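Participant: Sequence first, then the predicted structure:
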Amino acid sequence: MNGSTANGAATHGAATAGSAELTRCTATELAALLAVREVSSAEVTQAHLDRIATVDGARDGSGLAVGGGVHAFLHVAAEQALAQARAVDGARAAGERLPALAGVPIAVKDVMATRGMPTTCGSRILAGWEPPYDATVVRRLRDAQLVILGKTNMDEFAMGSSTEHSAFGPTRNPWDTARIPGGSGGGSAAALAAFETPLATGTDTGGSIRQPAAVTGTVGVKPTYGGVSRYGLVALASSLDQAGPCARTVLDAALLHEVMAGHDPQDSTSLTDPVPGVVAAARSGDVSGVRIGVVRELYGEGESSGYQPGVRARFDEAVEALVDAGAKVVEVSCPSFTAALAAYYLILPSEASSNLARFDAMRYGLRVYPDGVADPTAEQVMAATRAAGFGDEVKRRIILGTYALSSGYYDAYYGSAQKVRTLVQRDFAAAFEQADVLLSPTAPTTAFPLGDKLDDPLAMYLNDVATIPANLAGIPGMSLPSGLAGEDGLPAGLQALAPAGADDRLYRVGAVAERLLTRRWGGPLLDRVPALPAAQPTTRA
Amino acid sequence: MSAISREDVAHLAALARIDLSPAELDRLAGQLDVILGAVATVQQVAGSGVPATSHPMPLTNVARPDIPRPGLGAADALAGAPEAQQQRFRVPRILEED
């Protein structure tokens, strides 16, 4: 029944056997093929659109996922992507000098404003909304002539660790489609692991790039706060949010990082420092003498930590591999980290309650009139709209934030959390005097089954215990695959953290770890993702 | 620590302009009570001598020269409006009484 899409290449006149292979290429490999014109961007783009059509599954008229499939994409912009691809091919044929990644496809997390495409943030309150402008990050992708395939699924307004809080249905982990792909950026991570795109963008407020990377066997980086512009990112927590690159390899992430990063006058929190040399660092191949700090409070020792033994085992092996390559290990302690989760789940809801006040049914987005009210006031319409348009997790965090900021509680809750934030920064500063890079498992467990933690918000929040400190302090962090956990054969992540502005150290250490581990595995970890079945074909535009 | 009651949640919902159903009020009160119990530990961690950090980077008063430049045009600004009229956003009444 799905024969035409399972062998989609044949129906589109692109290179036949080559088409399936193109989706297995890294962005670096595709860029090389494109540069010598061995393939065209139109072929590459069509190959990825075919792959999406084969495995991603269908959505109904309201955007809700139906039937089987990965459901990584909320919107696929096939015509726009092919038009972009042909424009790049034309420019290349005319002998123009093009940026390094020109013609390579990319998926964009649906939290970033994209002119001419919907931006829903995984929420009904923005269903169908088309922004009148591009986020700066999106503009940089277009200037670099990357081909935007579409927008990826996410937990609503980036609040979540499993992508189950999307109003449009969850995304499934390609390693096991009964399991979560992580969150909030599960769509981008799953799209990479399903070979639907070689590159993707994400945003990370408490781990939303890094944790999905860990549970899908991909690479994700949260840059130094201020390193990438937040203009056009729908804001969750303005002091924590940061956009970053998602890819299947460290080098690909580095190439994308350099496209995305840089000062933006339209973001007053944007750093004026030059972008760290992340690509050079990823290529340097050398960690001799690098001091690695293992953070005791993030290591997850003991039964009560909730860390899966197989996750810790893969982490230990990764550290050993780096030591064999010449790095030095030291244990460091950051005592304030035991309070970091609590501080985060006060600071984030507080900032979110303020940021999400703009969804008020007046200027854009959903408008719902209250039932049985003859001549409702604006406030009544706001309250009815927000009740209908926001999901449970969003409501929960807005109410929590409203409480933490309210008169009489502000100092005890929000104020105290701000002080913990100071201690977290101080602990990192002290740790970075003993170590150049800090390492930990990215998340306590591998991907859990869909539905497992939906009734227990606190249990869900614990997924972020190792990723949150970096957001509080504003320092950069990376997750890359550490291997498959013995208990369940599912991916685990190695997290690297570096001082603010030293993003390049992540790429130096990450690239070496990736090379050593890949050799140990006998090939890329993602070669072991089970083959995905052909899902219902979709007729999205 | 302090329990959060159903009435508290209803009051907060009014502040946050979200209509919550009675079932939602009950469920949220229970969940928020548990969450608040967990996060209240922040009060014990930092002594009075520790300053608050609101923002990770030491940036203050970032400004640009006061030179006018084009902004979003009216058509773009109104493109997503639930209701527009005469180049304005048409909104429900904002006054309680006529």
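Facilitator: Happy to help now that I have it.
Participant: can you give me the mean pLDDT across stretch A:333-342?
Facilitator: On average, the pLDDT along stretch A:333-342 is 96.
Participant: Residues contacting that stretch, please?
Facilitator: A:295-298, A:417, A:420, A:423-424, A:426-428, A:430-431, A:461-462, A:464-465, A:468-469, A:472, B:38-42, B:45 (C-beta atoms under 8 Å, 6 or more residues apart in numbering or on different chains). In short, each C-beta sits where N, CA and C put it, glycine included.
Participant: cool, and stretch A:448-461?
Facilitator: A:160-162, A:164, A:170, A:172, A:178-180, A:341, A:345, A:393, A:396, B:31, B:34-35, B:38.
Participant: Buried ones among those?
Facilitator: A:160-162, A:164, A:170, A:172, A:179-180, A:341, A:345, A:393, A:396, B:31, B:35, B:38 (16 or more other C-beta atoms under 10 Å in any protein chain shown).
Participant: which of those residues sit farthest apart?
Facilitator: Taking C-beta to C-beta as the measure, the buried ones among the contacts of stretch A:448-461 span a maximum distance of 29.7 Å, between A:R172 and B:A38.
Participant: Would you pull up the residue in chain B closest to chain A?
Facilitator: Using C-beta to the nearest C-beta, the closest approach of chain B to chain A is made by B:P56 at 2.6 Å.
Participant: Relative to A:L497, how far out is the nearest residue to that residue once chain neighbours are set aside?
Facilitator: The shortest distance from B:P56 to any non-neighbouring residue, by C-beta to C-beta, 6 or more residues apart in numbering or on different chains, is to A:G474 (2.6 Å). Between A:G474 and A:L497 the computed distance is 11 Å (C-beta to C-beta, to the nearest Å).
Participant: top helix in chain B by residue count?
Facilitator: Ranked by residue count under DSSP state H, the longest helix found in chain B is helix B:22-39.
Participant: what sits against the residue nearest to B:S54 when sequence neighbours are not counted?
Facilitator: Excluding its sequence neighbours, the residue lying closest to B:S54 (C-beta to C-beta, 6+ apart) is A:Q418, at 6.0 Å. By C-beta under 8 Å, 6+ apart, the residues touching A:Q418 are A:343, A:347, B:52-54.
Participant: Kindly report the same for A:G483.
Facilitator: A:314, A:317-318, A:491-492, A:517, A:521, A:525 are the contacts of A:G483 under C-beta under 8 Å, 6+ apart.
Participant: Can you pull the phi/psi pair for it?
Facilitator: Main-chain torsions, A:G483, degrees, to the nearest 10: phi 140, psi -170.
Participant: if I look at it, how far off is A:V66?
Facilitator: Counting by C-beta to C-beta, the gap from A:G483 to A:V66 is 35 Å.
Participant: Which pLDDT value belongs to the residue at the greatest distance from the centre of chain B?
Facilitator: Distance from the centre of chain B peaks at B:I67, with 31.4 Å (C-alpha atoms, centre = their mean). Note on B:I67: pLDDT of 94.
Participant: Now it: which helix or strand?
Facilitator: B:I67 belongs to no helix or strand when assigned by DSSP states H and E.
Participant: show me the contacts for the residue nearest the centre of chain B.
Facilitator: Taking C-alpha atoms, centre = their mean, the centroid of chain B lies closest to B:A16, which sits 6.6 Å from it. Contact analysis of B:A16 by C-beta under 8 Å, 6+ apart lists A:353, A:357, A:386, A:398-399, A:402.
Participant: List the buried residues of the lowest-mean-pLDDT helix or strand in chain B.
Facilitator: Least confident helix or strand, chain B: helix B:42-45 with a mean of 91, by mean pLDDT, DSSP states H and E. Buried residues in helix B:42-45, counted by 16+ other C-beta under 10 Å: B:42-43, B:45.
Participant: wait, A:V259 sits on A:L101?
Facilitator: Yes: A:V259 is within contact range of A:L101, at 6.4 Å (criterion: C-beta atoms under 8 Å).
Participant: Identify the contacts common to these two.
Facilitator: Shared contacts of A:V259 and A:L101 (C-beta under 8 Å, 6+ apart): A:144, A:146.
Participant: So out of everything in the stretch 51-200 of chain A, what residue is nearest chain B?
Facilitator: For the stretch 51-200 of chain A, C-beta to the nearest C-beta, closest residue to chain B: A:P132, 3.7 Å.
Participant: Repeat that for chain A.
Facilitator: A:G474 (2.6 Å).
Participant: In contact with that residue, which residues are there?
Facilitator: A:224-226, A:425, A:500, B:56-57.
Participant: Redo those as TSV? Include distance to A:K109.
Facilitator: Listed next are the contacts of A:G474 as TSV, based on distance: C-beta to C-beta, whole Å:
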residue	distance to A:K109
A:T224	19
A:Y225	18
A:G226	19
A:Q425	27
A:A500	23
B:P56	22
B:M57	23
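Participant: Am I right that A:Q308 is in contact with A:L484?
Facilitator: No: using C-beta under 8 Å, A:Q308 is not in contact with A:L484; the gap is 11.7 Å.
Participant: list residues touching both of these two?
Facilitator: A:A492.
Participant: Next to chain B in this structure, residues from the stretch 51-200 of chain A, please.
Facilitator: A:129-133 (C-beta under 8 Å from any C-beta of the partner chain).
Participant: Between these, which sits nearest A:D155?
Facilitator: Using C-beta to C-beta, these come closest to A:D155 at A:W129, 17.7 Å.
Participant: Contacts only, for that closest one.
Facilitator: A:118-120, A:364-365, B:80.
Participant: By neighbours, which of these wins?
Facilitator: A:T120 (27 neighbours; other C-beta atoms under 10 Å in any protein chain shown).
Participant: what about chain B, any weak spots by pLDDT?
Facilitator: Where chain B drops to pLDDT under 70, the residues are B:1-3, B:97-98.
Participant: Ignore what I typed, I meant the stretch 51-200 of chain A.
Facilitator: For the stretch 51-200 of chain A, no range has pLDDT under 70.
Participant: same deal with the stretch 401-541 of chain A?
Facilitator: Checking the stretch 401-541 of chain A against pLDDT under 70 turns up A:536-541.
Participant: Now do the helices in it.
Facilitator: A:416-434, A:457-461, A:468-473, A:503-521 (DSSP state H, counting those that start in this stretch).
Participant: the inter-axis angle of the first one versus helix A:503-521?
Facilitator: For the pair helix A:416-434 and helix A:503-521, the angle between their directions (axes from the mean of the first three to the mean of the last three C-alpha atoms, to 10 degrees) equals 70 degrees.
Participant: What residues sit buried inside helix A:416-434?
Facilitator: For helix A:416-434, the neighbour count (16+ other C-beta under 10 Å) marks A:416-425, A:427-428, A:431-432 as buried.
Participant: Looking at those residues, which is nearest A:A374?
Facilitator: A:A417 (43.7 Å).
Participant: and A:G183, what are its phi and psi?
Facilitator: phi -160, psi 170.
Participant: quick one: contacts for it?
Facilitator: A:G183 neighbours (C-beta under 8 Å, 6+ apart): A:154-155, A:160-165, A:208, A:211-212.
Participant: 6 Å instead, please
Facilitator: Neighbouring residues of A:G183 by C-beta atoms under 6 Å, 6 or more residues apart in numbering or on different chains: A:155, A:160-163.
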